[in-house]
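Student: Sequence first, then the predicted structure, then my questions.
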Amino acid sequence: MCDGRALAVGAGYGGGKITFTVVMSCLTATSGGLILGYDVGITVSSWENFEGEFEVEKKKRIRNRASQERLTALTDKFSDDQKGAAAEMGMQSMMVVRCTNLVNPVCDWLGEIYDPASREFVIPGRGRLPLNEESVFCTLGVPRGHIKVPYEVNNEIEEALFPRLFPGLESMPNTTAVADSLEAMTTHGDVFKMKLLMYLISAIFAPTTSLRPSNKCFPILAKLKDVKNMNWCKFIADFLHDAFASKVYQKGCRLHLMVFFYRSFM
């Protein structure tokens with residue numbers, strides 16, 4: 001059922017070859033926490049990562065900058081007015097994400113078995129999972145409107161909005177600094193909405209390997225009234241497709257990958 005409820009899955013990983021059996025064993029281990037689910041959020045405590053060679057190897061990898069854990073910490077501190085501001089943009093589902101960790105090796109594995117021609121994840125011996133806006137809507141519940149998300153460079157809009165969002169700065173702050181700024185805010189007006197959108201795009205919907213938000217966010221921020229009518233589901237699906245089609249497995253919405261896979265097979 002497509003209820004737009006975001007599950008959070010966390011687990012450790014001990015290295016070795018990633019197969020469907022390994023993936024399912026990992027997810028089965030995490031599913032024990034589901035009995036603790038309540039309201040619209042389900043929290044699963046993550047295991048500590050194993051030490052040893054895997055930790056050394058992991059540090060060498062290019063990282064996806066997704067940060068569901070920080071989103072959970074942020075929204076826990078948002079006021080009702082701030083959560084209401086998010087809901088005005090159609091982002092209420094992002095206010096109830098409960099996440100401590102995602103199984104990043106599983107997300108990498110999904111990228112490796114993705115078939116760009118059919119836009120499907122081909123699970124050996126188990127079938128196929130589509131990567132489309134319907135699947136994103138089912139997992140994340142973000143707006144699926146008729147307006148294309150204007151994720152593109154527009155220097156004129158950037159120059160107009162940047163001083164308003166980051167007074168005194170000359171260059172884009174890193175995503176962590178944007179989160180810190182959000183956490184410190186007590187207001188819930190347009191500046192809060194713009195910073196929240198920038199963070200959601202950079203840390204959840206379309207994270208890359210960069211430490212900083214993309215300047216392609218600014219045209220979206222300039223159209224706050226249209227945000228709830230934009231097709232965020234298609235944007236997230238297309239961003240993942242483009243990354244995986246180019247064999248760049250470190251970009252894209254890992255929250256969708258993990259939740260969709262989990263809900264499809266568990």
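Tutor: Received the coordinates, thanks. Residues are numbered from 1 along each chain as shown.

Student: going forward, measure contacts between C-alpha atoms and count neighbours the same way
Tutor: Noted.

Student: Show the contacting residues for residue 148.
Tutor: With contact set as C-alpha atoms under 8 Å, 6 or more residues apart in numbering, residue 148 has these partners: 230, 231, 232, 235.

Student: The top helix by length along the chain packs against which elements?
Tutor: Longest helix in the chain, counting residues (DSSP state H): helix 232-245. The elements that helix 232-245 packs onto, with contact taken as 3 or more C-alpha pairs under 8 Å, 6 or more residues apart in numbering; DSSP states H and E, are strand 114-115, helix 133-140.

Student: and the angle for the next helix or strand after that helix with helix 232-245?
Tutor: Scanning the chain past helix 232-245 towards its C-terminal end, the next helix or strand to appear is helix 254-265 (assignment: DSSP states H and E). With axes from the mean of the first three to the mean of the last three C-alpha atoms, to 10 degrees applied, the angle from helix 254-265 to helix 232-245 works out at 90 degrees.

Student: Helix 254-265: which residues count as buried?
Tutor: Within helix 254-265, the residues that qualify as buried by neighbour count (16 or more other C-alpha atoms under 10 Å) are 254, 255, 256, 257, 258, 259, 260, 261, 262.

Student: you'd agree the fifth one is up against residue 105?
Tutor: Spelled out, that is residue 258. No. Under the criterion of C-alpha atoms under 8 Å, residue 258 is not in contact with residue 105, lying 10.4 Å apart.

Student: who's in contact with residue 182?
Tutor: Shown in contact with residue 182 (C-alpha under 8 Å, 6+ apart): 74, 192, 195, 196.

Student: And the strands in the stretch 1-150 of the chain?
Tutor: Per DSSP state E, counting those that start in this stretch, the stretch 1-150 of the chain has strands spanning 114-115, 120-123, 127-130. These are given in chain order.

Student: residues touching residue 237, list them.
Tutor: With C-alpha under 8 Å, 6+ apart as the criterion, the residues that contact residue 237 are 131, 132, 133, 136.
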